[in-house]
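J.: The following comprises the amino acid sequence and a computationally predicted model.
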Amino acid sequence: MYVSLARAAYAPRLLSVLIVNCACAVYVANFVRQRQAGWSRFLLAAPVLLYNCAVPGLFLDDKEAVTKAMFMVASFWVCNFKLLALCMDRGSLTLRHPWTFPQFAALYTLPITPRNQPTDSSQGTKNKLSGSLHELGGGTSELTTRFLAKSITLAGLTHALTTYSDGLSPLTTHVLFAISLYASLGLGYDGLAALATSVIGLEIAPHFDKPFFSTSFTNMWGRRWNMSIGNTLRVLIYDPILEGQLIKTEGHTAPPSSMLRRWLGVCGCFFVSGVMHEVVYRYAENRFTAGWKWFTFFMIQAVVIGTEGLGKKLLKRYNVKVPTLPAIGVTVTLQMWLAHVLFFPPCTDADMIGKVMGGLLRNFQAVRDFAVKS
């Protein structure tokens, strides 16, 4: 059945996946969520976890690279991490949150995070990866405006990268692709968040917050870049390390917070993120990155964040404050250099930039043709 579905036309496959995703949300809400946290929930959730792992494989053709990448993030990663967090009685899907079913289904299936999601860490713990959950990602009109702005930006970058790719230096290509990655991820979030806000009344926390104005690696990963993924890592990895317990239990006394424990939590998050990025690459290309470059890239982030923590502590002792503009310049330059050396070469080796940009170009051309015919 899986093979026959994978060979079906694109539209029936996509529709089938969306229908099954809705059925999974019904199952998770009415069966998995109602069981006691721990193994009982995990065993019931196992079929859904396996299904989410299989979904991206239904989109095999290079022409469907964008759809495949979308489900790698949304189903294979975010849905499964949210479901694992539920098994541990953590995150936004637990019974502690009285969502309506449409709200629950949206939070389970979409890469969005509700505003004011309470952190699972103990009271008084300084959560470095909590991001800006108390902030509002925007109302319907603001999200729609950002969606349109990023659509125009992404269309322009897609045209540049597909038309002038042979004349661009590797560094210029990587910088443009980094901006395209931000625009495409933000585009999907803004569209989904606008829909969830207007139709089912969910208040959504920000997904991105001007990442190219990051003043440090801690600031970038904790508050500005792809917080949908960051929040799943925080709930599933960071909070249990800080609390000293895997399954969330009321009345548990967390061990004393310390810089070392917080940094170990950060290391755990980047370790899992690095492994997941390598698995996603393996899923797409049937091999890991050469020299595990993606894994190395994310583990270096943890080292830099730990170094930043020590440096900030030392600067605070001597009452020294780093000016904002130099901090932004150093952060963005160093981050782009690391990406240029470690993150983007595997993309170039697998022609991911060409595949993704080509897929986006076909999508934009289809939208243009539809608008002309209408």
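T.: Yep, it's here. Residues are numbered from 1 along each chain as shown.
J.: Please enumerate the strands of the stretch 101-250 of the chain.
T.: For the stretch 101-250 of the chain, strands defined by DSSP state E, counting those that start in this stretch do not occur.
J.: Find the centremost residue of this protein, please.
T.: What sits nearest the mean C-alpha location of the chain, by C-alpha atoms, centre = their mean, is residue 229, with 3.0 Å.
J.: Next one: that one from residue 186, what distance?
T.: Going from residue 229 to residue 186 by C-beta to C-beta, to the nearest Å gives 13 Å. Every residue, glycine included, has its C-beta placed from N, CA and C.
J.: Likewise for residue 95?
T.: Going from residue 95 to residue 186 by C-beta to C-beta gives 32 Å.
J.: And the pLDDT for the residue nearest to residue 171 when sequence neighbours are not counted?
T.: Spatial nearest neighbour of residue 171, chain neighbours left out: residue 340 (5.9 Å); criterion: C-beta to C-beta, 6 or more residues apart in numbering. Looking at residue 340, its pLDDT stands at 95.
J.: per-residue confidence at residue 187?
T.: Residue 187 is given a pLDDT of 75.
J.: go on, residue 2?
T.: Reading off the model, residue 2 has pLDDT 56.
J.: Give me the distance from the longest helix along the chain to the chain's centre.
T.: Assignment by DSSP state H gives helix 170-200 as the longest helix of the chain. Offset of helix 170-200 from its chain centre (C-alpha atoms, centre = their mean, to the nearest Å): 11 Å.
J.: now swap in stretch 218-227 and tell me
T.: 11 Å.
J.: got the buried residues for that stretch?
T.: For stretch 218-227, burial by neighbour count (16 or more other C-beta atoms under 10 Å) applies to 218-227.
J.: model confidence over the helix or strand where residue 278 lies, on average?
T.: According to DSSP states H and E, residue 278 maps onto helix 259-285. Mean pLDDT, helix 259-285: 93.
J.: Just give me how far the helix or strand following that helix sits from the chain centre.
T.: Once the chain leaves helix 259-285, the next helix or strand it forms, by DSSP H and E, is helix 293-317. Remark: helix 293-317 is offset 21 Å from the chain centroid, using C-alpha atoms, centre = their mean.
J.: Now helix 293-317: average pLDDT?
T.: pLDDT averaged over helix 293-317 gives 95.
J.: helices or strands next to it in the packing?
T.: Contact here means 3 or more C-beta pairs under 8 Å, 6 or more residues apart in numbering; DSSP states H and E; on that basis helix 293-317 packs against helix 217-219, helix 259-285, helix 324-338, helix 344-349.
J.: And for it, what's in contact with it?
T.: 216-218, 221, 259, 262-263, 266-267, 269-271, 273-275, 277-278, 281, 289, 321-322, 334, 338-339, 342-343, 345-346 (C-beta atoms under 8 Å, 6 or more residues apart in numbering).
J.: These, buried ones only, as a PyMOL selection?
T.: For the buried members of the contacts of helix 293-317, the matching PyMOL selection, counting by 16+ other C-beta under 10 Å, is:
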select buried, resi 216+217+218+221+262+263+266+267+269+270+271+273+274+277+278+281+289+338+339+342+343+345+346
